[in-house]
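Colleague: Please work out how this folds:
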Amino acid sequence: MRALTWHGKHDVRVETVDDPKILRPRDIIIKVTSTAICGSDLHIYDSFIPSMLPGDILGHEFMGEVVEIGSGGSKDLKIGDRVVVPFNIACGNCRPCTTGQFSGCDNSNPADKADLSEVAYGHAVSGIFGYSHMTGGYAGGQAEYVRVPYSDVGPMKVPEGLSDEQVLFLSDIFPTGWMAAENCMIEAGDTVAVWGCGPVGQFAIRSAFLQGAAKVIAIDHHANRLALAAQAGAEVLNYHDVKVREALMEMTGGRGPDSCIDAVGMESHGFSPDNVIDAAKAAVRLATDRTHVLREVIMACRKGGHVSVPGVYGGITDKFPVGAFMEKGITMKTGQTHTQKYMTKLLGMVVEGKIDPTFVISHRLPLEQAAEGYKMFKDQQDEVTKVVLKTDWKEAA
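Modeller: A predicted model of the protein is given here:
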């Protein structure tokens with residue numbers, strides 16, 4: 001089959017690789033019909049995520065058609081069903097899974113891989129498709145076919161009449177934006193500020209409104225992304241034009257936002273002194289993450305407010321404003337998304353017409369042009385919001 005493989009910093013290639021096989025009774029194989037490039041894929045592209053090996057297959061946002069089912073696979077699935085697959089892999093049986101914390105699954109990261117993340121984070125993380133050997137070494141879905149473990153827990157059947165693009169983002173960015181807003185514990189009348197207007201930020205903005213926020217303020221510097229946020233009803237700030245904390249204080253009557261969402265993560269941009277220092281340290285491996293936005297959300301959030309962090313962080317940082325965090329009594333909630341928890345509910349919103357997830361798509365390409373898609377997404381962020389890859393381009397076109 002054809003698949004996108006990683007070979008080093010800014011080096012990804014579509015190559016012919018072995019077809020996946022059923023390895024465990026609960027596995028299925030799907031023929032991928034649509035897949036997407038996620039903003040967090042750029043962290044791999046930029047070589048910020050450790051434990052990648054040459055030849056690893058990328059991609060964690062995908063859907064397709066079931067073509068093979070293991071002997072213990074889901075009784076709800078049959079050959080030919082269209083399914084959308086959550087990016088994180090969950091067994092459904094361990095304590096985190098049974099309490100709805102699917103991204104904390106204790107069993108989906110194989111024992112021979114789990115030590116890598118346990119050393120880094122204190123506990124082994126769950127498995128994730130196409131996202132390094134630290135998260136299980138699973139082959140990703142930017143490919144013609146993919147093996148999906150625990151098929152009775154993850155994949156969700158797609159109702160007839162819905163296109164791939166209407167449901168594809170249930171695999172990651174829509175649930176991620178929804179959980180980011182949910183972690184804010186929004187109350188009627190609240191103001192929510194969202195840093196980063198990429199795909200997750202866009203879904204966080206819309207989710208905040210759907211959950212009852214009175215005002216959402218979007219912060220970025222790309223004009224087209226700010227325009228997309230404004231279309232959703234957000235007030236916008238270009239951080240090149242204003243001092244963000246001061247502007248937020250003015251817009252909230254001196255109180256600060258009730259909640260602040262960091263939808264940027266480990267590769268903050270800008271020329272603030274702290275970010276320049278972070279970049280220099282990262283360049284010589286004295287630190288891993290550029291955390292300017294995380295610092296800024298803590299400083300901007302009102303006393304007793306909420307900080308939500310869907311942006312991906314992978315390692316260590318310094319200059320953390322622990323004094324402000326403690327003195328203001330801020331609550332912070334973070335984590336990989338419990339995708340399986342939200343998929344059915346959010347599918348219902350799509351069916352009911354409460355949201356059309358296709359708004360975020362800016363480019364569509366054949367799988368064969370995936371490498372060009374990565375470079376475009378990296379270098380042209382003022383024009384590119386979301387790239388969808390199609391495995392059968394003639395049919396898609």
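
Colleague: And Gly39, how far from Gly196?
Modeller: Using C-beta to C-beta, to the nearest Å, one gets 8 Å for the distance from Gly39 to Gly196. Placement of C-beta: from N, CA and C, glycine included.

Colleague: Which residues are in contact with each of those two?
Modeller: Gly265 (C-beta atoms under 8 Å, 6 or more residues apart in numbering).

Colleague: Domain-wise, how is the chain divided?
Modeller: Domain assignment for the chain by automatic domain parsing gives 2-172+337-396, 174-334.

Colleague: And the pLDDT at Ala279?
Modeller: pLDDT, Ala279: 56.

Colleague: One more: Thr317?
Modeller: 80.

Colleague: how near is it to Pro175?
Modeller: 26 Å.

Colleague: if I pick Ser108, what's in contact with it?
Modeller: Counting by C-beta under 8 Å, 6+ apart, Ser108 touches Asn88, Ile89, Ala90, Cys91, Ser126, Gly127, Gly136, Pro149, Tyr150.

Colleague: Excluding covalently adjacent residues, which one is nearest to the fourth one?
Modeller: Residue nearest to Cys91 in three dimensions, not counting chain neighbours: Asn107, with 4.1 Å by C-beta to C-beta, 6 or more residues apart in numbering.

Colleague: what about that neighbour, neighbour count?
Modeller: Look at Asn107: counted by other C-beta atoms under 10 Å, it has 20 neighbours.

Colleague: What of Glu368?
Modeller: Count around Glu368 with other C-beta under 10 Å applied: 14.

Colleague: mind checking how far the residue nearest to it when sequence neighbours are not counted is from Arg2?
Modeller: What sits nearest to Glu368 in space, not counting adjacent residues and going by C-beta to C-beta, 6+ apart, is Val14, at 5.4 Å. Distance from Val14 to Arg2, counting by C-beta to C-beta: 6 Å.

Colleague: shared neighbours, the two?
Modeller: Jointly contacting Val14 and Arg2 under the rule C-beta under 8 Å, 6+ apart are Leu367, Glu368.

Colleague: Residue ranges in the stretch 1-150 of the chain under the pLDDT threshold?
Modeller: Of all residues in the stretch 1-150 of the chain, none has pLDDT under 70.

Colleague: Quick one: the strands in it, in order.
Modeller: Counting by DSSP state E, counting those that start in this stretch, the stretch 1-150 of the chain has these strands, from start to end: 2-6, 12-16, 28-37, 61-69, 82-85, 88-89, 127-128, 145-148.

Colleague: Double-check that Ala180 belongs to a helix.
Modeller: Yes: using DSSP: H, G, I helix; E, B strand; the rest coil, the secondary structure at Ala180 is a helix.

Colleague: Quick one: neighbours of it, just the number.
Modeller: Using other C-beta under 10 Å, Ala180 has 29 other residues around it.

Colleague: In contact with it, which residues?
Modeller: Contacts of Ala180 (C-beta under 8 Å, 6+ apart): Val200, Ala204, Ser207, Ile261, Ala263, Ser308, Val309, Pro310.

Colleague: Counting neighbours, what do you get for the last one?
Modeller: The reference is to Pro310. 30.

Colleague: how close does the nearest residue to it once chain neighbours are set aside sit to Pro110?
Modeller: Nearest residue to Pro310 in three dimensions, chain neighbours excluded: Ala180, at 4.0 Å (C-beta to C-beta, 6+ apart). To Pro110, Ala180 is 29 Å away according to C-beta to C-beta.

Colleague: go on, Arg82?
Modeller: Look at Arg82 and Pro110: by C-beta to C-beta, they are 28 Å apart.

Colleague: How about Val125?
Modeller: From Val125 to Pro110 the distance is 12 Å (C-beta to C-beta).

Colleague: Settle it for me: which of the two has more neighbours?
Modeller: More neighbours surround Val125 than the other of Val125 and Pro110, with 23 against 14 (other C-beta under 10 Å).

Colleague: For the stretch 151-300 of the chain, just list every one of the strands.
Modeller: Secondary structure of the stretch 151-300 of the chain by DSSP E, counting those that start in this stretch: the strands cover 156-157, 191-195, 215-220, 235-238, 259-262.

Colleague: Between these, which one is closest to Met343.
Modeller: Nearest to Met343, of all the strands of the stretch 151-300 of the chain, is strand 156-157, at 5.0 Å by C-beta to C-beta.

Colleague: Mind giving me the packing neighbours of that closest one?
Modeller: Judged by 3 or more C-beta pairs under 8 Å, 6 or more residues apart in numbering; DSSP states H and E, strand 156-157 is in contact with strand 82-85, helix 339-351.

Colleague: can I get these in CSV with distance to Ile219 and mean neighbour count?
Modeller: Shown next, in CSV, are the helices and strands packed on strand 156-157 (distance: least, C-beta to C-beta, whole Å; neighbours: other C-beta atoms under 10 Å):
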stretch, distance to Ile219, mean neighbour count
strand 82-85, 30, 24
helix 339-351, 25, 18
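
Colleague: Make TSV out of the ones you listed and add distance to Ile57.
Modeller: Shown next, in TSV, are the helices and strands packed on strand 156-157 (distance: least, C-beta to C-beta, whole Å):
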stretch	distance to Ile57
strand 82-85	14
helix 339-351	20
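
Colleague: List the residues that contact Val387.
Modeller: Val387 neighbours (C-beta under 8 Å, 6+ apart): Ala36, Ile37, Ser362, His363, Arg364, Leu365, Gly373, Met376, Phe377.

Colleague: who does the second one bridge with?
Modeller: In this structure, Ile37 has the following beta-bridge partners (DSSP bridges): Val387.

Colleague: what's the distance between it and Ile361?
Modeller: According to C-beta to C-beta, Ile37 stands 11 Å off from Ile361.

Colleague: Now do the shared contacts for these two.
Modeller: Common neighbours of Ile37 and Ile361 (C-beta under 8 Å, 6+ apart) are Lys386.

Colleague: all helices for the stretch 51-200 of the chain, in order.
Modeller: Using DSSP state H, counting those that start in this stretch, the helices assigned to the stretch 51-200 of the chain run over residues 95-98, 111-121, 164-167, 173-182, 199-210.
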